[in-house]
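Colleague: model the following, please.
(chains A and B)
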Amino acid sequence: MKTSLDIGSLHLKNRVLVASGTFGYGTEAATFTDVTLGGIVTKSVSLEPRAGNPPSRIAETASGMLNSIGLANVGVEAFLREKMPPLRELDTAIIANIAASSVNEYLEVMKRMEDEPGIDAYEINVSCPNVKDGGLQFGTSCSATAEVVRALRPHTRRPLIIKLTPNVTRISEFALACQEEGADAVSMINTLVGMSINIYTRKPKLSTVTGGLSGPAIKPVALAKVFEASQVVSIPVIGIGGIASWEDAVEFLLAGASAVQVGTMNFIDPDTGVKITRGMEEYARKTGLDSLDELVGAMVLPEGASAPGIMKSSSKGHD
Amino acid sequence: MNKFQREVAITRNEPVARDTYALRVHFPELSAIVEPGQFVTMRVNDTLNPLLRRPYSVSRPIGDECEFLYYVIGKGTRILARKRVGDTVNILGPLGNSFGFNGDYETAVLVGGGIGVAPFPFLTSRLVDHGKKVVTFLGARTAEMVLSDNLVNLQVATDDGTAGFHGTVVDCMDDWFGAHSVAKPKIFSCGPTPMLAAVQSWSLGRGIPCELSLESEMACGFGICQGCPVEHRHAERTYALVCTDGPCFNAEDITFKRP
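Modeller: Residues are numbered from 1 along each chain as shown, chains lettered A, B, ... in the order given. Just a heads-up that it's a prediction; the model follows:
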């Protein structure tokens, strides 16, 4: 049974990755989980180190959590010097996530990473909701998203995965723009903008007032976005959003994802990704599949149904 | 440092003061290596609500078991309080650093507020083993909430005056220091952030070495989520993390700044 997936030169031995910012730089959780994952997406790396936002950065909500970390990270130089050597030793694909506040910064960070042999692909974060400069300013503008991909594409042969935000009206337009500019895949969704208030102090629970909502609470939203985008693009869609079990992961594949990333659940059980990998493969064996590819986009739609308002159907002038 | 994630059996779970429970679990790997001041995170069931683990100080290891103290205040602790002996809870630990209880001082001054008393029984037994003098100041809202077990030389302060000193634990300590000569003191404090800030300013004002055990919202407890920053003067990038750099910090290193 084939579990692997190839996205250009990126070889994933299975379909389960861990999402950026939820597995550190790969070594912290390795103390108590064996890393039999398809890949590790690193914490976002920016050109200069970033301190991140002041406390409070975390608030739990119903089956989810709000975060406002603010891209706290060591910066690209320390990342390459200190974080990459142990990551290189792990038997899994390493995908470096890049965050920046300008097109030039994205390019500069990526160029510095090009000489590091341990990096298998890049995930470009155009969708962080928790920083003033950069992040969402790119991710919520289709032309700015396209501009980032266009600037990066000629400078690397490594696969480019663009991580998209759900905080837009039509995520499929963004996915299509990424594809047209030569991206190898899109990953979705980043967190949804949300907030929470302490009713006794009347203060917001996060220092930045709003933050990013993640966890099982957002799974239905993520599924719908993955479905919508995968109806429009031919490049792989990597599904992210509240995945807590292998059943969730299978749902994402059926909706159109070629692979998934586990995020928030890594905080609660760092073995979640490994458990999902095993569960999904057992499910595939029991149902007699030759490859997990057979699940991708295999949702059985009611007759005449399509994703609501996706570009493909509206641009052809019929719904 | 090894960490373990285990579904462990509960051997004791009963009220020890108003709204306060003692929870004991069979967890030999943890009890063998845990140090005073370290914490664990607990997941009370495998549903997704509550979602995140919650941090708890280890109150004391007892042979193959570990005991914790908790206030029943939210969804998770209400679920925990309903558990019976033989039920299980998922525990991950030990996490964080420990109190720096070795060192050049004679009198350990323990200052706790509310459930901040939790790590003191374990700390006290180590201090006694190391031949330190110990005096313990404990603040509580009211007499029914005072947790006095396994502490020594206890001075109590209550907000309503129903037991001991009527006022804050810091004023209680200030009175005590005015009336007694305390040989080469070092303060160890754990409790709500406003109390820690008061202990910090009191100790720094008198040049008394002081360690504070901090609490914070956190999602993971082991350094990944970056959700528990505290402003730290030696930190490379402004903030240290309560979970992995702490929870115990030198009072002079940190700045409390809440939104």
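Colleague: contacting residues around the longest helix along chain A?
Modeller: Longest helix in chain A by number of residues (criterion: DSSP state H): helix A:272-286. With C-beta atoms under 8 Å, 6 or more residues apart in numbering or on different chains as the test, helix A:272-286 has contacts from A:1, A:3, A:14-18, A:33-38, A:243-250, A:260, A:262, A:265-266, A:269, A:292, A:295. Backbone N, C-alpha and C define where each C-beta goes, glycine included.
Colleague: next one: stretch A:110-121
Modeller: A:7-11, A:39, A:45, A:76-77, A:80, A:84, A:87-88, A:93-96, A:98, A:122, A:152, A:155-156, A:158-161, A:184.
Colleague: next, the buried residues of it.
Modeller: Under the neighbour-count criterion of 16 or more other C-beta atoms under 10 Å in any protein chain shown, stretch A:110-121 has A:110, A:113, A:116, A:118-121 buried.
Colleague: follow-up on the earlier one: so which of the contacts of stretch A:110-121 reach chain B?
Modeller: Of the residues in the contacts of stretch A:110-121, proximity to chain B by C-beta under 8 Å from any C-beta of the partner chain holds for none.
Colleague: of the contacts of helix A:272-286, select the buried ones using a ChimeraX command.
Modeller: Those of the contacts of helix A:272-286 that count as buried under 16+ other C-beta under 10 Å are selected in ChimeraX with:
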select /A:3,14,15,16,17,18,33,35,37,38,243,244,245,246,248,249,250,260,262,265,266,269,292,295
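Colleague: near chain B, from the contacts of helix A:272-286?
Modeller: Within these, those near chain B by C-beta under 8 Å from any C-beta are A:244, A:266, A:269.
Colleague: can you give me the helices in the chain?
Modeller: All of this refers to chain A. Applying DSSP H to chain A gives helices spanning A:76-78, A:84-88, A:103-113, A:136-139, A:142-152, A:171-180, A:219-230, A:246-255, A:265-268, A:272-286, A:311-315.
Colleague: actually chain B
Modeller: B:28-33, B:75-81, B:120-129, B:169-179, B:193-206.
Colleague: tell me which of those sits most buried.
Modeller: Sort those by mean neighbour count, taking mean count of other C-beta atoms under 10 Å in any protein chain shown, and helix B:120-129 sits at the top with a mean of 21.
Colleague: give the buried residues for stretch A:77-97.
Modeller: For stretch A:77-97, a neighbour-count test (16+ other C-beta under 10 Å) marks A:79-80, A:83-84, A:87, A:90, A:92-97 as buried.
Colleague: now the residues you listed in CSV, with distance to A:Gly26?
Modeller: As requested, the buried residues of stretch A:77-97 are exported to CSV (distance: C-beta to C-beta, whole Å):
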residue, distance to A:Gly26
A:Phe79, 11
A:Leu80, 14
A:Lys83, 8
A:Met84, 10
A:Leu87, 5
A:Leu90, 6
A:Thr92, 8
A:Ala93, 11
A:Ile94, 7
A:Ile95, 11
A:Ala96, 11
A:Asn97, 12
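Colleague: list the ones among the residues you listed that fall in strands.
Modeller: The members of the buried residues of stretch A:77-97 that map onto strands under DSSP state E are A:93-97.
Colleague: circling back to that earlier point, and the helices of chain B as TSV, adding distance to chain A and mean pLDDT?
Modeller: Compiled in TSV, the helices of chain B are given as follows (distance: least, C-beta to the nearest C-beta, whole Å; pLDDT from 0 to 100):
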stretch	distance to chain A	mean pLDDT
helix B:28-33	12	98
helix B:75-81	9	96
helix B:120-129	23	97
helix B:169-179	22	97
helix B:193-206	10	97
